[in-house]
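S.K.: Next input, structure requested:
(chains A and B)
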Amino acid sequence: MEAAKHGGINVAKAIGDSYGKLLQNASYRYFALVLGAPVNLFTLLVHRNQKAGDIHTSVLQEARQELAASGLQERLESEFIDQLHSKARFFGQQASEAELENEARKLAAERFELIAAERADSRLQEKGLARSTFIGTFQALLQHPLFLPLSFIPGFPLYLLILLYSSPYLKYIFERLVMTIFVIFGVSVLVFTILYISPFDPAVNILGQTATDAQIMEFNRVYGLDQSYLVQLWHNIKGIAMFDLGKAFAGNEEIVSAIGRKFPVTLELTLFSLLMAVVIAIPIGIVSAARPNSWFDYTFMLIALIGLSIPSFWQGLIFILGFSIKLQWLPATFNPGNWLTFIMPVVVLGTGLTAAIARMTRASTLEVIHEDYIITATAKGLSRRKVLLKHAVRNALIPIVTVIGLQFGGMLGGAAVTEKVFNISGLGSYIVDKQFIPDIPAIMGGVVYTAITISLINAIIDILYAFVDPRIRSKMKQY
Amino acid sequence: MVNANAERRELQLKLKTSQEYRQAGFAWAGSLIITVALLLASYDWETQTVKPYVALASLVYAVFTILQVLVTLLIRRDLRIYGEIRSITRALGYVLLLSLVTGNVFLGTAAFQLIQKRKSPEYTLAVYTLLTQLGVIAVSAINLYKPYVADTFLTGMFILLAVAGFHLLTVIVTAVFVRRRQVPKGLLWVAYPLLLTSLTGNLFALVLGIILIVRIRNSGNPAVAGWEDVLERLTRNTTAMLGLLFIAFLFSVSVCSYVTFDYGMAVDNNYSLILQPPSLAYPLGTDNFGRCLFTRIIFGARISLIVGVMSTVLPLFLGGTLGAISGYYGRYTDNIIMRALDVLYAIPGILLAIAIIAAFGANTVNLILALSVGAIPTYARTMRANVLQVSTFEYVDAARAFGSSNRAIIFKHIVPNSLAPMIVKATLTIGGAVISTSSLSFLGLGIEPHIPEWGNILKLGSTYLETNSYLAIFPGLAIIALVLSFNFFGDGLRDALDPKMD
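M.R.: Numbers count the residues shown, from 1 in each chain, chains lettered A, B, ... in the order given. Alright, predicted model coming up:
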């Protein structure tokens, strides 16, 4: 019983402390004040009540009078005028006397208030009293056994926010997720706006030049194109969030279900390419960095640079020409049931990424390899292999993983070209096909859902870092 | 034991610091790759026959490659025994110069380096000026085999030849008169005409002319400007210079093609010559409308260069400005700009371009804009990081203490000092822009289909993959060569601007 009570007080104290820190953070303050409005209002009332009889105001008044009597105001003013004069002389500026005096008076008044407040504070401290503040009231209220249970329901969002703020991890994850949601929202608005301000009239595009006015009106009504920008935008954002974007202009199919059918194909292709790239590129990059300027290094970095320079559609065509038409080893077009057809698209899509990762691995390992702790590791007698793998690569991995995360997005976009070459019915080729119509909602759905996937993946990578990398962890705790 | 080790180390150091030896090694390796490629191409796997012309070319390349290997060994021996390269070995460079006739730039550039003992950046630039001009003349001369040529062809060729003669003179003059960072006044008579010859699109001539004039103006001033070190490091980097050579060559050809090439060959249908295999008159064959593929690729270079450069320059300025503002002002400005750009960053470039093109239609201007918009965030991020770093330097504080305005601080102190990484990034991304351009054209979303652009040519060629595969192979090789050149140049530029990586 005693321990539980003790624990309760500790929790209350922790909440009070966190809230105090939170209120000092400019961007969190507003959310906290709004989210916990009922609790805050109550606290404010209590605080006002106490403040009426607060000793701080009277002490401050006293200090101010004392200082004014001692002629501090005039002394400060003349000091500031002197300073301003010499400043103007130094820069060769011409300033009128009245202007200088005005400025000096302003500066003096500011300084005076500061000194007065300091004096009042020290007086209070001498007497062993603290200034009553909003947060102080809140902390005092928390000590009351009934306050927390009673305020828990109305103040739930506030307490949740305080909980998030109290732990650096939770705070970091929360902020990263808020960021992601903001980005997703922004992407939806941006893509919709681009397609909305298009000079083309979708109705004429779909129905043809011969369509009558009545047909066009009907088309616009069915797809909601006759409504205002904001209404359409709202419908679209709602549709994206609820996975219901309605029907495409052409083909009478549900957009989201079409995307849901095609997206896994693209994702599978991209993931296999990523796997291939990582497996091939990282060892090559490490060996290249271990022996810089050797033949191995030159050869593989040249190949990597060529890999970076090959347009994927051309590579695809050459592969089809070589392996399908001339050698007849692999089938030219993609077929979901046959894994042999998967090889060429994966290699083509993964080439650019492999090259990028290999170059990045080499550069970042080379950078790390000259650090002092590598010399220490070598000096204490570790084998070269162990130094490389345990000390150099582990520390070089962060930028590499970042590059992988960023390139993954590029790959999801670049998959469109590869899919077209190998005739794969993935999301990329879906968007390309739809753009010829142009089928606005389908394009928008495809682009936005791809962007959402990328944002989520990058957010997850960032959050994982926070747990893996002690440097980021310690930086987080400094908040 | 210790002695032997030290000797070996010394030799290795000598070899490593000898520019001629390094370049000779690079030259025979590059030449060998071409030889092997030609050898493979000379054998037709399906009909099991040898193509005589390609085989002959391969043989010639092989001979020169062997020569180069021998010269490399000689250089090594000279360095080991005499500590420097003897003049007899250097004279062998004149023999290797003959390889230029076969179009082997690897050996040609190495030979030029070998001949000249006291190298200056000016000499290297003069050599590359000459090589660019020779390349343009060689490519234009192929038109001689055509049934008809452009009206201005002969005049154009004579001008080009005269310019090449002048460039040869420039090489000799710079080799004889230019010493380390000292250019005699009389060379002004070379510098101004050089600037005039850069009207043929020869970028090297332009750069060399400017550098000569600047050097002459600054003669007597012992201070060494930062760009001089960068220039020296850059001209010593063979791969970067070769990349730049190809870019300058392509640019010059694009300019000269107005005079020496007939646009009709690239766009007019000629149904009597459909799908011809490569021949002397049509070096890369003809397509399904009887148009000369070679001429089409030459004219396509113009579009690829313009779109590639424009869609890099636009986001460079826009993103650079946004990044500089956001990095300098910080706080709310920074937050607002960078969060807005985060949104843009989340959409893959190609998909954003597709969406923009879907909304505004496929044409060249829209393509440039579409590619530019997607690239803004990366430039802004790079610039912001640089500005954040540069803002902490003392000279910025000093400028602020002296009462400079924010605008003056940003544009006079911060931006010039944070440009280097931006330039490197821009060079490296032009290649990506070229690839994106041709990818979108290939999908049918880029340049209008009637314009001979590399992606368009490839799209047409891809339908004849089985029967006339050269229609798809050659434009692809052109794209790779251009992108590779930009990447080589960008890498070289990065090494030259940031020597700590070496």
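S.K.: Now B:Leu187: closest residue in space that isn't a chain neighbour?
M.R.: Spatial nearest neighbour of B:Leu187, excluding adjacent residues (C-beta to C-beta, 6 or more residues apart in numbering or on different chains): B:Leu212 at 5.6 Å. In short, each C-beta sits where N, CA and C put it, glycine included.
S.K.: what helix or strand is the closest residue to B:Val424 other than its chain neighbours on?
M.R.: Of all residues not flanking B:Val424 in the chain, B:Arg494 sits nearest, at 4.4 Å (C-beta to C-beta, 6+ apart). For B:Arg494, the host element (DSSP states H and E) is helix B:470-497.
S.K.: that older thread, what helices or strands is the strand or helix carrying the residue nearest to B:Leu187 leaning on?
M.R.: B:Leu212 belongs to helix B:203-217 when assigned by DSSP H and E. On a contact count with 3 or more C-beta pairs under 8 Å, 6 or more residues apart in numbering or on different chains; DSSP states H and E, helix B:203-217 meets helix B:121-141, helix B:188-197, helix B:238-260.
S.K.: Can you verify my assumption that A:Thr351 contacts A:Ile310?
M.R.: Yes. Checked against C-beta atoms under 8 Å, the pair A:Thr351 and A:Ile310 is within contact range at 6.4 Å.
S.K.: What are the buried residues along the helix holding B:Leu212?
M.R.: B:203-209, B:211-213, B:215-216 (16 or more other C-beta atoms under 10 Å in any protein chain shown).
S.K.: tell me what the helix or strand hosting A:Asp82 is packed against?
M.R.: Using DSSP H and E, A:Asp82 falls within helix A:72-91. With contacts taken as 3+ C-beta pairs under 8 Å, 6+ apart, helix A:72-91 sits against helix A:97-126.
S.K.: If we use 10 Å, what do you get?
M.R.: Helix A:72-91 sits against helix A:55-69, helix A:97-126, with contacts defined as 3 or more C-beta pairs under 10 Å, 6 or more residues apart in numbering or on different chains; DSSP states H and E.
S.K.: Just the closest residue of chain A to chain B, please.
M.R.: A:Gly413 (2.6 Å; C-beta to the nearest C-beta).
S.K.: buried stuff in the helix or strand encompassing that residue?
M.R.: Applying DSSP H and E as the criterion places A:Gly413 in helix A:394-422. Within helix A:394-422, the residues that qualify as buried are A:395-422, counting by 16+ other C-beta under 10 Å.
S.K.: From B:Ala496, how far off is B:Ala225?
M.R.: Applying C-beta to C-beta, to the nearest Å, the value for B:Ala225 to B:Ala496 is 14 Å.
S.K.: So for these two, which residue has more residues nearby?
M.R.: B:Ala496 (22 against 11; other C-beta atoms under 10 Å in any protein chain shown).
S.K.: Surely the residue nearest to B:Leu187 touches B:Gln182?
M.R.: No. With contact defined as C-beta atoms under 10 Å, B:Leu212 does not count as touching B:Gln182 (11.5 Å).
S.K.: quick revisit: dump the residue contacts of the residue of chain A closest to chain B.
M.R.: Contacts for A:Gly413 (C-beta atoms under 10 Å, 6 or more residues apart in numbering or on different chains) come out as A:428, A:431, A:447, A:450-451, A:454, B:347-354, B:374, B:436.
S.K.: Then A:Thr354?
M.R.: Shown in contact with A:Thr354 (C-beta under 10 Å, 6+ apart): A:273-274, A:276-282, A:284-285, A:303-304, A:307-308, A:347.
S.K.: which one's the longest helix in chain B?
M.R.: helix B:293-329 (DSSP state H).
S.K.: Find out how far that one is from the centre of the chain, if you would.
M.R.: For helix B:293-329, the separation from the chain centroid amounts to 15 Å (computed by C-alpha atoms, centre = their mean, to the nearest Å).
S.K.: Which residue, other than its chain neighbours, is closest to the residue of chain B found nearest chain A?
M.R.: At 2.6 Å from chain A, B:Pro348 is the closest residue in chain B, using C-beta to the nearest C-beta. Sequence neighbours aside, A:Gly413 is the residue nearest to B:Pro348 in space, at 2.6 Å (criterion: C-beta to C-beta, 6+ apart).
S.K.: Count the neighbours of the nearest residue to A:Tyr28 once chain neighbours are set aside for me.
M.R.: Computed as C-beta to C-beta, 6+ apart, the closest residue to A:Tyr28 that is not its neighbour in sequence is A:Leu22, at 5.1 Å. Neighbourhood size, A:Leu22 [other C-beta under 10 Å]: 20.
S.K.: State the distance from A:Leu22 to B:Arg331.
M.R.: Relative to B:Arg331, and taking C-beta to C-beta, A:Leu22 is found at 20 Å.
S.K.: With A:Gly428 instead?
M.R.: Taking C-beta to C-beta, one finds A:Gly428 at 40 Å from B:Arg331.
S.K.: Next: B:Ile297.
M.R.: In this view, B:Ile297 and B:Arg331 are 52 Å apart by C-beta to C-beta.
S.K.: ok, the two, which is more surrounded?
M.R.: B:Ile297 (23 against 9).
S.K.: That one reaches B:Asn456, doesn't it?
M.R.: No. Contact criterion C-beta under 10 Å: B:Ile297 and B:Asn456 do not qualify, at 11.0 Å.
S.K.: Overlap in contacts, these two.
M.R.: B:Pro475.
S.K.: B:His167 belongs to a helix, doesn't it?
M.R.: Yes. Counting by DSSP: H, G, I helix; E, B strand; the rest coil, B:His167 is located in a helix.
S.K.: contacting residues around the closest residue to it other than its chain neighbours?
M.R.: Excluding its sequence neighbours, the residue lying closest to B:His167 (C-beta to C-beta, 6+ apart) is B:Leu130, at 4.3 Å. By C-beta under 10 Å, 6+ apart, the contact set of B:Leu130 is B:100, B:108, B:112, B:163-171, B:202, B:204-205.
S.K.: Could you turn the buried ones of those residues into a ChimeraX selection?
M.R.: A single ChimeraX command selects the buried members of these (16+ other C-beta under 10 Å):
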select /B:100,108,112,163,164,166,167,170,171,202,204,205
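S.K.: what about the residue of chain B closest to chain A, how many residues close to it?
M.R.: Neighbours of B:Pro348 using other C-beta under 10 Å come to 24.
S.K.: Likewise for the one 10 residues further on?
M.R.: Look at B:Ala358: counted by other C-beta under 10 Å, it has 28 neighbours.
S.K.: and the gap between it and A:Ala211?
M.R.: Look at B:Ala358 and A:Ala211: by C-beta to C-beta, they are 20 Å apart.
S.K.: Phi first, then psi, for residue 146.
M.R.: Because you didn't say which chain, this covers chain A. Torsion angles at A:Leu146 (phi, psi; degrees, to the nearest 10) stand at phi -90, psi -20.
S.K.: looking at chain B here, not the other one
M.R.: Dihedral angles for B:Lys146 - degrees, to the nearest 10 - are phi -70, psi 160.
S.K.: Isn't it up against B:Thr260?
M.R.: No. B:Lys146 is beyond contact range of B:Thr260, at 11.1 Å (criterion: C-beta under 10 Å).
S.K.: So between those two, which is more surrounded?
M.R.: Between B:Lys146 and B:Thr260, counting by other C-beta under 10 Å, B:Thr260 is the more crowded of the two (25 against 19).
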